[in-house]
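*Asks:* let me see the structure of the following:
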Amino acid sequence: MGMVEDQQYVYPSVNMEQCKSRVAVPPPQPFLKSLQGSLKETFFPDDPLRQFKNQPRSRKVILGLQYFFPFLEWAPKYSLEFLKSDLIAGVTIASLAIPQGISYAKLANLPPVLGLYSSLVPPLVYAMMGSSRDLAVGTVAVASLLTGSMLSTVVNPTKDPKLFLHLAFTATLVAGVFQTSLGLLRLGFIVDFLSHAAIVGFMGGAATVVCLQQLKGIFGLTHFTQSTDLIDVMHSVFSQEHQWRWESVVLGCCFLFFLLLTRLFSKRKPKLFWISAMAPLTSVILGSLLVYLTHAEKHGIQVIGYLKKGINPPSFGDFVFVSPYFPVALKTGIITGVIAMAEGIAVGRSFAMFKNYNIDGNKEMIAFGMMNIFGSCTSCYLTTGPFSRSAVNYNAGCKTAVSNIVMSVAVMITLLFLTPLFYYTPLVVLSSIIISAMLGLIDYEAAIHLLKIDKFDFIVCMSAYIGVVFGSVETGLVVAVAFSVLRLLLFVARPRTFVMGNVPNSISYRSIDQYPAAQTVPGILILEIGAPIFFANATYLRDRILRWIDEEYDRLKSSGETNLYYVILDMSAVGSIDTSGINMFEELKKIMDRRDLKLVLANPGGEVMKKLQRSKVVELLGEEWIHLTVGEAVGACRYMLHTFKPKSTPKSMGDQLETCNNV
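*Replies:* This is a model prediction of the structure:
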């Protein structure tokens, strides 16, 4: 790093303006007011109550109802043109929801008709309470797989299907109560602990596991492992090689090829999105006709069988709250609730961004929670806003949540009149539908993007993926959360510190790593602290600052340059400090005094200055050694270096600089 020659300096003269440029301490605030401000920023960063200010009581009541029931806001403005668009979108997503609902219910080890039930009631609830115009509500593969695999640890769905079904309703109720509570308590920020990299890896791993589970249907196997990891699934497949049905394999591969081909075609020609959207229902119809005409069910092709006619029966009396079943339902509900909530909010925000409107995450959690609570009481299992269905809804030109109502009506008609038509639907077609949908969730392009931009994020992504594929979905989720929290702790507990120098031909001071041409100042070490200072990083920062000083001494000794007299800490990024941070400064001051060094602070924030003054650290350092900017701090240190020749220590010069305050 370069050194600035002495003759290049322009030393500031001592004047009143310079002496008055001291860092101000904010006026004291009552504790309750300060606490209120902190709580508001934590739980109400979007200030949802702002719309109620200066409004008459009647208007406040209307606004309050609109907040919890957003349909009251857009319903009065609804037009015939909107209805036309929503009818087309609703029918389109219904054609996708019906086969997907049946498929995902089988994935959860539940009766197929439950997939249709879950596309009837929850969409109606969301249409009234949801804030997204584009989200299409329904069951999702990952939550279905989790529900089936976790509940299977205590109840065998084949031997005791009724108890298993009641546990699924209980888990859905738990998920709904959990989601609603988070929304009402404004705790939506908890979802943010799942980083983007962790979600990419987890969703990719879960999609891979779901695809592996469909090998049972593709190969026509009747017995299959309850485990979800790659090794057990592969062992289960190849240990039953003698039971493979070639008819099922051929049929499955043909329909899978058809579904992937239509998806590729629609991707290249977005205006023809409906071809891909209609492909699953077309596959169900063609597969059912083929089985019916050839009597393939008598030759090893498994079919859905009888589906009960009629709309959702009540299930509010079927919940299980006894041990040892309820603890598993509780765990399943919380885990699936978090995953469904994270996916639904992320999908809703993505499409809201495309149409330039905002959705409230906490309001969405309340809507998801209420639709799962109502769903659990009407024979539904966990629902959210899946990406595939919402993408079809968006591309179909939906205008409001009425498209969900149209979809629900279409599902109701199916339940009342059309369920017998699904009797001959082959299970292998459902497996093909699930695999084609899941392949879209394995976002390898995002993983490659992470590798190029941030290697640690890529490690987080792959760890979550490997945890799901080789362990279990729960293991992968734990790994994803653990690595996300670890990344956060690394940022906070090990903040970056940089040596700063003067950028040539400017008054700016920047990191010499970022700006190699930046020149350090003789006799002065300038360090930037890149995070708030508190108990988790105070000791590290003290040791790291001292190490920077030792390294600077070694560099000066080897180059024979000017000795070190001042250490300036740029506090611009230090938004807050706690008592551990205060103690760190006190210890640092004592150590520097023993080394004949002077500690100088630049640009500490208001909260930091308030605590430094209360703790007497300002008096300990000396108010004259706290400056507004790094430039001012460097100017004062240069002035001292060239006005008062240091004998062995700049310590005694602090008293001499006091004359500046008396000019």
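
*Asks:* and the strands in this protein?
*Replies:* Applying DSSP state E to the chain gives strands spanning 2-3, 497-502, 509-511, 519-520, 524-529, 566-570, 598-602, 626-627.

*Asks:* for Thr228, which of those strands is the nearest?
*Replies:* Each of those has some distance to Thr228 by Cβ to Cβ; the shortest is strand 497-502, at 44.4 Å. C-beta here means a position set from N, CA and C on the backbone, and glycine is covered the same way.

*Asks:* which elements pack onto the closest one?
*Replies:* When contacts are defined as 3 or more Cβ pairs under 8 Å, 6 or more residues apart in numbering; DSSP states H and E, strand 497-502 sits against strand 509-511, strand 519-520, strand 524-529, helix 538-559.

*Asks:* quick check: mean pLDDT of it?
*Replies:* For strand 497-502, mean pLDDT is 91.

*Asks:* what's that strand in contact with?
*Replies:* 1-2, 4, 508-515, 518-521, 525-530, 541, 544-545, 548, 552, 570, 630, 634 (Cβ atoms under 8 Å, 6 or more residues apart in numbering).

*Asks:* cutoff 6 Å now
*Replies:* Strand 497-502 is contacted from outside by Tyr509, Ser511, Ile512, Ala518, Gln519, Thr520, Ile526, Leu527, Glu528, Ile529, Arg544, using Cβ atoms under 6 Å, 6 or more residues apart in numbering.

*Asks:* is it true that the fourth one touches Ile512?
*Replies:* By that I understand Ala518. Yes - using Cβ atoms under 6 Å, Ala518 is in contact with Ile512, at 4.8 Å.

*Asks:* quick one, helices of the stretch 251-400 of the chain?
*Replies:* Using DSSP state H, counting those that start in this stretch, the helices of the stretch 251-400 of the chain run over 273-294, 325-354, 361-376, 387-395.

*Asks:* compare those helices and say which comes out lowest on pLDDT.
*Replies:* Among these, helix 387-395 scores lowest, at a mean of 84.

*Asks:* got a list of what Leu86 touches?
*Replies:* That one is not Leu; residue 86 is Asp. Asp86 sits next to Cys398, Lys399, Val402, Ser403 when contact means Cβ under 6 Å, 6+ apart.

*Asks:* what residue ranges in the stretch 101-250 of the chain score low on pLDDT?
*Replies:* Residue ranges of the stretch 101-250 of the chain with pLDDT under 70: 192-193.

*Asks:* follow-up on the earlier one: mind putting the contacts of Asp86 into CSV with pLDDT, neighbour count and distance to Ala342?
*Replies:* Listed next are those as CSV, based on pLDDT from 0 to 100; neighbours: other Cβ atoms under 10 Å; distance: Cβ to Cβ, whole Å:
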residue, pLDDT, neighbour count, distance to Ala342
Cys398, 88, 28, 23
Lys399, 88, 19, 26
Val402, 93, 22, 26
Ser403, 93, 32, 23
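
*Asks:* check contacts around Tyr465.
*Replies:* If a contact means Cβ under 6 Å, 6+ apart, then Tyr465 has Gly201, Gly204, Gly205 as its contacts.

*Asks:* and the gap between it and Leu230?
*Replies:* Tyr465 is 11 Å from Leu230, where distance means Cβ to Cβ, to the nearest Å.

*Asks:* distance check, Val574 against Ala636.
*Replies:* 20 Å.

*Asks:* can you check Phe219 too?
*Replies:* For Phe219, the distance to Ala636 - Cβ to Cβ - is 79 Å.

*Asks:* more neighbours: which of the two?
*Replies:* Per other Cβ atoms under 10 Å, whichever of Phe219 and Ala636 has more neighbours is Ala636, with 23 against 20.

*Asks:* spatially, what comes nearest to the more buried one if we skip its sequence neighbours?
*Replies:* Leaving aside its chain neighbours, Ala636 sits nearest to His627 (6.4 Å; criterion: Cβ to Cβ, 6 or more residues apart in numbering).

*Asks:* ok, that neighbour touching Gly635?
*Replies:* No - His627 sits out of contact with Gly635 when judged by Cβ under 6 Å, with a separation of 8.4 Å.

*Asks:* so which of the two has more stuff around it?
*Replies:* His627 (23 against 19).

*Asks:* pLDDT score for the more buried one?
*Replies:* Reading off the confidence values, His627 has pLDDT 91.

*Asks:* pairing partners for it in the sheet, please.
*Replies:* When bridges are called by DSSP bridges, His627 pairs up with Ala602.

*Asks:* okay if I get the strands of the chain as JSON lines plus distance to Tyr325?
*Replies:* As requested, those are arranged in JSON lines below (distance: least, Cβ to Cβ, whole Å):
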{"stretch": "strand 2-3", "distance to Tyr325": "71"}
{"stretch": "strand 497-502", "distance to Tyr325": "53"}
{"stretch": "strand 509-511", "distance to Tyr325": "58"}
{"stretch": "strand 519-520", "distance to Tyr325": "68"}
{"stretch": "strand 524-529", "distance to Tyr325": "53"}
{"stretch": "strand 566-570", "distance to Tyr325": "58"}
{"stretch": "strand 598-602", "distance to Tyr325": "60"}
{"stretch": "strand 626-627", "distance to Tyr325": "63"}
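
*Asks:* which one of those strands has the lowest average pLDDT?
*Replies:* Among the strands of the chain, strand 2-3 scores lowest, with a mean of 46.

*Asks:* quick revisit: closest one to Ala447 out of the contacts of strand 497-502, please.
*Replies:* Nearest to Ala447, judged by Cβ to Cβ, of the contacts of strand 497-502 is Ser511 at 30.1 Å.

*Asks:* spatially nearest residue to the closest one (excluding sequence neighbours)?
*Replies:* Phe498 (3.9 Å).

*Asks:* now do that neighbour against Ser118, distance only.
*Replies:* From Phe498 to Ser118 the distance is 54 Å (Cβ to Cβ).

*Asks:* same question, Trp246
*Replies:* 34 Å.

*Asks:* who has more neighbours, the two?
*Replies:* Set Trp246 next to Ser118 and count neighbours by other Cβ under 10 Å: Ser118 wins out with 32 against 10.

*Asks:* hang on, the more buried one packs against Thr383?
*Replies:* Yes - using Cβ under 6 Å, Ser118 makes contact with Thr383 at a distance of 5.3 Å.

*Asks:* shared neighbours of these two, anything?
*Replies:* Residues touching both Ser118 and Thr383 by Cβ under 6 Å, 6+ apart: Thr139.

*Asks:* show me the contact partners of stretch 136-145.
*Replies:* Against stretch 136-145 from outside (Cβ under 6 Å, 6+ apart): 93, 97, 101, 104, 107-108, 115, 118-119, 122-123, 126, 206, 210, 336, 339-340, 382-386, 389-390, 393, 404, 438.

*Asks:* re earlier: reformat the helices of the stretch 251-400 of the chain as JSON lines; add mean neighbour count and distance to Leu621.
*Replies:* Output for those, formatted as JSON lines (neighbours: other Cβ atoms under 10 Å; distance: least, Cβ to Cβ, whole Å):
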{"stretch": "helix 273-294", "mean neighbour count": "19", "distance to Leu621": "65"}
{"stretch": "helix 325-354", "mean neighbour count": "21", "distance to Leu621": "46"}
{"stretch": "helix 361-376", "mean neighbour count": "26", "distance to Leu621": "43"}
{"stretch": "helix 387-395", "mean neighbour count": "24", "distance to Leu621": "55"}
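
*Asks:* now those helices in a markdown table, with distance to Ile62?
*Replies:* A markdown table is the format used below for the helices of the stretch 251-400 of the chain (distance: least, Cβ to Cβ, whole Å):
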| stretch | distance to Ile62 |
| --- | --- |
| helix 273-294 | 38 |
| helix 325-354 | 23 |
| helix 361-376 | 16 |
| helix 387-395 | 29 |
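
*Asks:* for Pro56, which of the ones you listed is the nearest?
*Replies:* helix 361-376 (23.5 Å).
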